[in-house]
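Visitor: sequence unavailable; structure follows:
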């Protein structure tokens, strides 16, 4: 790959995830503080837009980008529209007007996660060696967004409307920049449209593999407590008085980056089952630390809970992607990844977003919330998933590749 193209793709990834990190981390706090008369349940509804976008995304990518319009053109158009929608969100004062705009935005944004990958892969001769260097700039973008919010003290001064304006500016820049990216014409132009292929449902036969079926169900179940983290970590940290909470949360992405580098060493030594189990155990430990942590003597618990994000995400989700690739075989590699993404970020997190809001609402107190009890609930869910997984999951050599 030419150096100029590598720089282009790296900057594209940086902006793509800077945009998301600029407002998503503090969304819960924005809903509760900047919008009038909102509830914890509405925080869950706001985050639910991600799952709706994840379910719809394969249709946009699979139908339009794969068959009709070049990926870089669609990416540019979406981000230009997105800039206007994000700027509109910044001025909203009621949830009823805010939610439809956010929903439209997430339906448009979620497909761009696949588009930036597609644009990158099409320029590479060996994605297994080249992609990680490009993708890491996305993590850098997310981290920088969080650090900026913390440094500018927008949470403390109740100025989170500026997060949407910052994201809108970055979206405008990426929208214009996208038209300069390498041409990525439709890969399946003129081919028949198959809904099963677009949703990855061709890979459903992988569930005949008992071990993979258990992993698949565990993936959906573990995304339920994951939704608690996305929804309420930032409101929780701000409510208990942590300074620059969004900036502190960026340590989770720093941890993710570091654990990504050492994953091959762990994978070679531990194997699939132990890697997945460690990822789930990290969720149990993280939420338990949040439950007992505070801003004083147990401050370290909050920080360790945030840093555990690297193990929580990399050891379970990245290992799961590798395991899915192994089980799928050559025929269903692409559709299998789409299938598991639809199940986790679509179905699993959708359930989590729906139930987390009412649960947090139920433990509201006069002074705030009973966070000790709240965090023990996702910890308990993750613990049950972990125990069942350890009891029933088997990863044997004779049961690796699904028979088509």
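Guide: Sure thing, it's come through. A quick note: this is a predicted structure, and the numbers were derived from the prediction, not measured.

Visitor: so which residue is dead centre in this protein?
Guide: residue 345 (7.4 Å; CA atoms, centre = their mean).

Visitor: okay, now the unreliable bits of the stretch 1-150 of the chain?
Guide: Counting by pLDDT under 70, the stretch 1-150 of the chain shows low-confidence ranges at 1, 58, 60-63, 65-67, 127-128.

Visitor: quick one: the helices in it, in order.
Guide: 3-24, 27-34, 40-59, 66-67, 71-90, 95-121, 127-152 (DSSP state H, counting those that start in this stretch).

Visitor: how about the ones you listed in a markdown table, adding mean neighbour count and distance to residue 354?
Guide: Every residue, glycine included, has its C-beta placed from N, CA and C. A markdown table is the format used below for those (neighbours: other CB atoms under 10 Å; distance: least, CB to CB, whole Å):
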| stretch | mean neighbour count | distance to residue 354 |
| --- | --- | --- |
| helix 3-24 | 21 | 18 |
| helix 27-34 | 22 | 15 |
| helix 40-59 | 22 | 6 |
| helix 66-67 | 18 | 31 |
| helix 71-90 | 21 | 22 |
| helix 95-121 | 20 | 14 |
| helix 127-152 | 19 | 25 |
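
Visitor: which one of these lies closest to residue 374?
Guide: In terms of CB to CB, the element of the helices of the stretch 1-150 of the chain nearest to residue 374 is helix 40-59, at 9.5 Å.

Visitor: starting at the chain centroid, how far to the closest one?
Guide: 11 Å (CA atoms, centre = their mean, to the nearest Å).

Visitor: same deal with stretch 247-256?
Guide: 14 Å.

Visitor: hang on, the earlier thing: and the residue nearest to the centre of the chain, that's in a helix?
Guide: Yes - counting by DSSP: H, G, I helix; E, B strand; the rest coil, residue 345 is located in a helix.

Visitor: thinking again about what came up before, residue 232 is nearest to which of the helices of the stretch 1-150 of the chain?
Guide: Across the helices of the stretch 1-150 of the chain, closest to residue 232 is helix 27-34 (CB to CB), at 5.8 Å.

Visitor: what helices or strands is that closest one leaning on?
Guide: When contacts are defined as 3 or more CB pairs under 8 Å, 6 or more residues apart in numbering; DSSP states H and E, helix 27-34 packs onto helix 40-59, helix 161-178, helix 210-239.

Visitor: I figured the residue nearest to the centre of the chain was touching residue 220, is that so?
Guide: No - Residue 345 is beyond contact range of residue 220, at 10.3 Å (criterion: CB atoms under 8 Å).

Visitor: in a markdown table: the helices of the stretch 1-150 of the chain, plus distance to residue 272.
Guide: Below are the helices of the stretch 1-150 of the chain laid out as a markdown table (distance: least, CB to CB, whole Å):
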| stretch | distance to residue 272 |
| --- | --- |
| helix 3-24 | 27 |
| helix 27-34 | 33 |
| helix 40-59 | 24 |
| helix 66-67 | 31 |
| helix 71-90 | 32 |
| helix 95-121 | 23 |
| helix 127-152 | 18 |
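
Visitor: of all the ones you listed, which lies closest to residue 369?
Guide: helix 40-59 (7.8 Å).

Visitor: that closest one to helix 95-121, inter-axis angle?
Guide: Helix 40-59 runs at 40 degrees relative to helix 95-121, counting by axes from the mean of the first three to the mean of the last three CA atoms, to 10 degrees.

Visitor: helices or strands up against helix 40-59?
Guide: So helix 40-59, by 3+ CB pairs under 8 Å, 6+ apart, packs with helix 27-34, helix 95-121, helix 210-239, helix 349-362.

Visitor: OK, contacts around the closest residue in space to residue 105 that isn't next to it in sequence?
Guide: Sequence neighbours aside, residue 85 is the residue nearest to residue 105 in space, at 4.3 Å (criterion: CB to CB, 6 or more residues apart in numbering). Applying CB atoms under 8 Å, 6 or more residues apart in numbering, we find residue 85 in contact with 101, 102, 104, 105, 108.

Visitor: ok so, going back, with distance to residue 371 as extra columns, can I get the helices and strands packed on helix 27-34 in CSV?
Guide: Shown next, in CSV, are these (distance: least, CB to CB, whole Å):
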stretch, distance to residue 371
helix 40-59, 12
helix 161-178, 23
helix 210-239, 6
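
Visitor: pick out the shakiest of the ones you listed, pLDDT-wise.
Guide: The weakest mean pLDDT among the helices and strands packed on helix 27-34 belongs to helix 40-59, with a mean of 86.

Visitor: hmm, back to that, quick one: the residue nearest to the centre of the chain and residue 223, what's the gap?
Guide: Residue 345 is 7 Å from residue 223, where distance means CB to CB, to the nearest Å.

Visitor: please apply the same query to residue 24.
Guide: 16 Å.

Visitor: give me the phi and psi angles of residue 122.
Guide: phi -70, psi -20 (degrees, to the nearest 10).

Visitor: for it, which non-adjacent residue is spatially closest?
Guide: Closest to residue 122 by CB to CB, 6+ apart is residue 184, at 5.0 Å.

Visitor: so the one you found, which state does it fall into?
Guide: Applying three-state DSSP: residue 184 is coil.

Visitor: the chain should start at 52 in everything you say after this.
Guide: Sure, I'll start counting at 52 from here, so that last one is residue 235.

Visitor: quick check: the nearest residue to residue 424 once chain neighbours are set aside vs residue 98, distance?
Guide: Spatial nearest neighbour of residue 424, excluding adjacent residues (CB to CB, 6+ apart): residue 414 at 5.5 Å. Counting by CB to CB, the gap from residue 414 to residue 98 is 18 Å.

Visitor: closest to residue 446 out of the contacts of residue 136?
Guide: Comparing the contacts of residue 136 against residue 446 with CB to CB places residue 159 closest, at 38.4 Å.

Visitor: ok, that closest one touching residue 133?
Guide: Yes - the pair residue 159 / residue 133 is scored as a contact, 5.8 Å apart, by CB under 8 Å.

Visitor: so which of the helices of the stretch 52-201 of the chain gets nearest residue 401?
Guide: helix 91-110 (3.8 Å).

Visitor: between that closest one and helix 261-290, how big is the angle?
Guide: Going by the same axes, to 10 degrees, helix 91-110 makes 140 degrees with helix 261-290.
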